[in-house]
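> for reference, the sequence and a predicted model appear below.
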Amino acid sequence: MLKHILTITFRSVRKHRSSFAINLVGLSTGLAFAFLLYLWVQDERGVDKFHVNDERLYQVMEKSTENGQTRILESTQGPLSEAMERDLPEVEKSVTVMNLVREGMDITMKSEDKSFKSACLFSSEAFFDVFTFPLIAGESSRVLKEKNNVVISEALALKLFGTTAAALGKPIAWNAFGIDHLSAVAGVFENVDARSTLKFDVVLTKQKLVEDVWPNGAEWYNTGPQTYLLLTAGVDIAAFNKKIERYIDRYQKGNIFSLFVRKYSDAYLYGNYEGGEQAGGRITYVRLFSVIAFLLLFIASINFMNLSTAKVSGRMKEIGIKKTLGSGRQKLIYQFLGESIFVTLVAAVIALALAYLLMPQFNFITGKQLTLEYSTSQLSALFLLALITGMLAGSYPAFYLSGFRPLATLKGKLEGKVGAFLVRKGLVIFQFVVSFVLIVSVLIVYRQIEFARNKSVGYEKENVVYFDLEGKVFEHKNTLFEEIKRIPGVVQAGGISQTLITEEGGSSTYGLDWPGKVANRNIDFMVRSVDETLIPTLGIQVKEGKIFSNDLGDNASYLLLNETAAKVMGLTDPVGTKVTFWGEEKTILGIVKDFHTASIHQPISPLVFYYRPEQVSMAMVRIKENAAREVIAELHGLYSKLNPGYPLDIKFLEESFRAQYLAEEQTLTLAKYFALLTILISCLGLFGLAAFDTERRTKEIGIRKVLGASVSGIVAMLSKDFVRLVLIAVAIASPIAWWAMNKWLADFAYRIDIEWWMFGLAGLAAVVIAVATVSWQAIRAAVANPVESLRDE
């Protein structure tokens, strides 16, 4: 049976080379991209799942509601983890992590004459017991026990010391906020797994953080670190969340936070919240591209169906003879399914080669490190995709072709089955529904990303560079800034305690009291220490009052607030109001207009600027347009002269802002490719149906030509039916696209409106594509000699 199927398949391929080629292109391309998407989806679902304690590892989240807006924060109070481990029997171990990468800071780690910028964490003792970051050297329970211990990655150990073994016990010098520190290497861990969302090269101790670097981090009124819990087995999470909801009240009355835990490995895929409730996240994209992978294969299968049925007349006698000689319908079904599976398996081999060739570009687009391992699991997945696609592609032709009556097929007469013809039209409509939805989606995603890029953020992010202040320049910031301002091409320069670009606003506090404040009602304020030139450097606009300046006198006696802060405080005339900030009396000097510190996914946070130039750890420099290259070269020279041994890592503020939309930009790029691919495969399907329709109407076309019909008239006659199909697809797809994109846009606090012209443009594109595809077949039929089609009549 198998030999017979292969023989018949080879004969069919030789006889219908063009159809075979079209099927092969559609199926192999669809399988290649579906396979790449399968690998991507598997990788996405595996993020943070590698931890041994995955099922019991949870992160403490804080929820606050103010002015009708609910915020979900990862930042927690410094003492929270120890308190929860001490007070709650459900907590087996707890970990505090202060992730400087989240705060926009790297620290230079130095050993003798070698120095490298490194991503650093401060963490409590149980970090390596709770998380699975395997140690190459050192004991997990001891490496963070002593205050001056440090644990470094294998890569950093090799850079600094040559071998991992040589690193143990060696001193590493580092500088934070102008203070030199010396730590001893107590352990070396394997390079962080690519599937980890926590990226770091260095782990320092929490004790070092709260005693020597950030003493306020030990206070309940400040937030910043993240808190992770290893719960005991069998804990009822719903009951535990109810128990800890008002847990902070034990240590500080009047806070606006309630607590809950979420599974640590859920954060990557389910990180979005609406109204305080979990509302998806990257899982939306995982589901989206899983559906797209299925649709690609289904659309490619539709092409196979349409082309198989379009060429039915060439196989009518074969079917009739086989039925006359006793072949049953089941045997014919097996034959046609076998042919489609064979073609699909050939396509799978080509798809594997295509996937290999496309993998580097796919990784570049998605930011992944996927590899083709040719493992049993990967090859089995591709084989299964091919098998399912082959059965799907061959199912309709098999049942359709095997259903002809022997006498009719031997006479060479097609049976005009209305149902079958409607099915083929329905399949083409489905293809263009998918194509139209993707075209509209690409257009709306593009418009939203452009809106986000071009929306006024409230300050001038263009032509601004920034870098960390370490070592000697931290102590001599005034000298550094004076020298920077003398560089030709520099407009202005100022200092700030940490970057403004952060999803949660970075360090925050509710250590602010003011007249009229409701008793026991604390609000979480984002805080930044600045010097007198930071505000003009960034072009932040002043709504009322003044800003810090050298003419003011005692700048440290004043605060600046943004509009949102004044609003949540209920101050109608805020300038001049006396407030208490961290126990000290201050005066509100001015109100700056609201500006975005996070992406437009998030609403604007209440913000406090306080004057503390000795605390600024980041320089921001505004450069004249087209002067970046020369100024950056001068900055490198100046920094190395004033601060030998510390590398300078300069970043552009606009690039950091754009990086917040990386997920959307990746989605847009992928959607563009898949929209083009879907259109291409759909056009192949339309080509197949046009071929079938032309073949079915050959005699009609011949008669019309004999009676004087023009070529343009026949082309219009053949094309109008397909244009009608596309218009039906547009009508069906429009509400689907509107619903889907409204749902996607709901994740943005600031968004575009969906307008009618977007659907009109996508519909026009679909019609033009359809007409261009059908025209070749229509013109070919219209110019054919009518004698050929009428000679049997």
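That came through fine. Keep in mind that this is a model prediction, so the values were computed, not measured.

> following the helix or strand encompassing residue 24, which helix or strand comes up?
If you go by DSSP states H and E, residue 24 is part of helix 17-45. Moving toward the C-terminus from helix 17-45, the next helix or strand (DSSP H and E) is strand 57-66.

> re earlier: now the helix holding residue 24: average pLDDT?
On average, the pLDDT along helix 17-45 is 85.

> ok, now stretch 593-610?
Here the average pLDDT along stretch 593-610 is 84.

> contacting residues for residue 149?
143, 183-187, 204-205 (C-beta atoms under 8 Å, 6 or more residues apart in numbering). C-beta coordinates here come from the backbone N, C-alpha and C atoms, glycine included.

> using a markdown table, lay out those together with distance to residue 336, pLDDT and secondary structure.
Below are the contacts of residue 149 laid out as a markdown table (distance: C-beta to C-beta, whole Å; pLDDT from 0 to 100; DSSP: H, G, I helix; E, B strand; the rest coil):
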| residue | distance to residue 336 | pLDDT | secondary structure |
| --- | --- | --- | --- |
| 143 | 65 | 96 | coil |
| 183 | 71 | 96 | strand |
| 184 | 73 | 96 | strand |
| 185 | 68 | 96 | strand |
| 186 | 68 | 96 | strand |
| 187 | 64 | 96 | strand |
| 204 | 67 | 96 | strand |
| 205 | 69 | 96 | strand |
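
> which of the residues you listed tops the neighbour count?
The residue in the contacts of residue 149 with the most neighbours, by other C-beta atoms under 10 Å, is residue 204 (29 neighbours).

> pick the one among the contacts of residue 149 closest to residue 74.
Nearest to residue 74 out of the contacts of residue 149 is residue 204 (C-beta to C-beta; 19.7 Å).

> doesn't residue 147 make contact with that closest one?
No. Using C-beta atoms under 8 Å, residue 204 is not in contact with residue 147; the gap is 9.4 Å.

> how close does the residue positioned nearest the centre of the chain sit to residue 272?
Centroid check for the chain by C-alpha atoms, centre = their mean gives residue 663 as the closest residue, at 2.5 Å. Distance, residue 663 to residue 272, by C-beta to C-beta, to the nearest Å: 11 Å.

> and for residue 763?
31 Å.

> burial check on residue 215, number of neighbours?
11.

> report the separation between it and residue 381.
54 Å.

> ok, back up a step: now the contacts of residue 149 in a markdown table, with distance to residue 288?
Formatted as a markdown table, the contacts of residue 149 follow (distance: C-beta to C-beta, whole Å):
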| residue | distance to residue 288 |
| --- | --- |
| 143 | 42 |
| 183 | 45 |
| 184 | 49 |
| 185 | 45 |
| 186 | 45 |
| 187 | 41 |
| 204 | 40 |
| 205 | 42 |
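
> pLDDT at the residue nearest to residue 213 when sequence neighbours are not counted, what is it?
Leaving aside its sequence neighbours, residue 213 sits nearest to residue 176 (C-beta to C-beta, 6 or more residues apart in numbering; 5.1 Å). Note for residue 176: predicted pLDDT of 81.

> and residue 176, bridged to which residues?
Here residue 176 sits in beta bridges with residue 179, going by DSSP bridges.

> now residue 96
Where residue 96 sits in a bridge, its partners, by DSSP bridges, are residue 227.

> count of neighbours near it?
Using other C-beta under 10 Å, residue 96 has 26 neighbouring residues.

> right, and it touches residue 206 too?
Yes. Between residue 96 and residue 206 there is a contact under C-beta under 8 Å: 5.3 Å.

> between these two, which contacts overlap?
With C-beta under 8 Å, 6+ apart, residue 96 and residue 206 have common neighbours 122-124.

> okay, those in TSV with secondary structure next?
TSV is the format used below for these (DSSP: H, G, I helix; E, B strand; the rest coil):
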residue	secondary structure
122	strand
123	strand
124	coil
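
> re the thing from before, among the contacts of residue 149, which one sits closest to residue 722?
residue 204 (66.9 Å).

> for the closest one, which non-adjacent residue is closest in space?
Closest to residue 204 by C-beta to C-beta, 6+ apart is residue 122, at 4.9 Å.

> check residue 625 too.
Among residues not flanking residue 625 along the chain, residue 463 sits closest, at 5.8 Å (C-beta to C-beta, 6+ apart).

> give me phi/psi at the one you found?
Note on residue 463: its backbone torsions stand at phi 60, psi 30 [degrees, to the nearest 10].

> ok, now how distant is it from residue 469?
Residue 463 is 20 Å from residue 469, by C-beta to C-beta.

> out of the two, which sits in the more crowded spot?
residue 469 (23 against 19).

> let me see the contact set for the more buried one.
Counted by C-beta under 8 Å, 6+ apart, residue 469 has contacts 178, 477, 480, 495, 616-619.

> now swap in residue 529 and tell me
If you count contacts by C-beta under 8 Å, 6+ apart, then residue 529 has 496-497, 609-613, 615-616 around it.

> just send the residues you listed back as CSV, with neighbour count too.
Supplementary listing: the contacts of residue 529 in CSV, determined by neighbours: other C-beta atoms under 10 Å:
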residue, neighbour count
496, 23
497, 23
609, 26
610, 20
611, 23
612, 15
613, 20
615, 18
616, 24
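
> who are the contact partners of the closest residue to residue 466 other than its chain neighbours?
Once flanking residues are discounted, residue 466 sits nearest to residue 620: 4.5 Å by C-beta to C-beta, 6+ apart. Listed by C-beta under 8 Å, 6+ apart, the contact set of residue 620 reads 464-466, 493-496, 534, 537-538, 653.

> and what about residue 620, helix, strand or coil?
Quick answer, by three-state DSSP: residue 620 is strand.

> same check, this time on residue 364
helix.

> tell me how far it lies from residue 725.
In terms of C-beta to C-beta, residue 364 sits 37 Å off from residue 725.

> residue 376 too?
Applying C-beta to C-beta to residue 376 and residue 725 gives a distance of 43 Å.

> between those two, which is the more surrounded one?
Using other C-beta under 10 Å as the criterion, residue 376 and residue 725 rank with residue 725 on top: 20 against 8.

> show me what contacts the nearest residue to residue 226 once chain neighbours are set aside?
Nearest residue to residue 226, sequence neighbours excluded (C-beta to C-beta, 6+ apart): residue 97, at 4.8 Å. Each residue near residue 97 by C-beta under 8 Å, 6+ apart is listed here: 121-124, 127, 198, 225-228.

> okay if I get the residues you listed as a markdown table plus neighbour count and pLDDT?
Putting the contacts of residue 97 into a markdown table (neighbours: other C-beta atoms under 10 Å; pLDDT from 0 to 100) gives the following:
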| residue | neighbour count | pLDDT |
| --- | --- | --- |
| 121 | 23 | 94 |
| 122 | 25 | 95 |
| 123 | 27 | 96 |
| 124 | 23 | 95 |
| 127 | 24 | 97 |
| 198 | 17 | 94 |
| 225 | 30 | 91 |
| 226 | 24 | 94 |
| 227 | 28 | 96 |
| 228 | 26 | 98 |
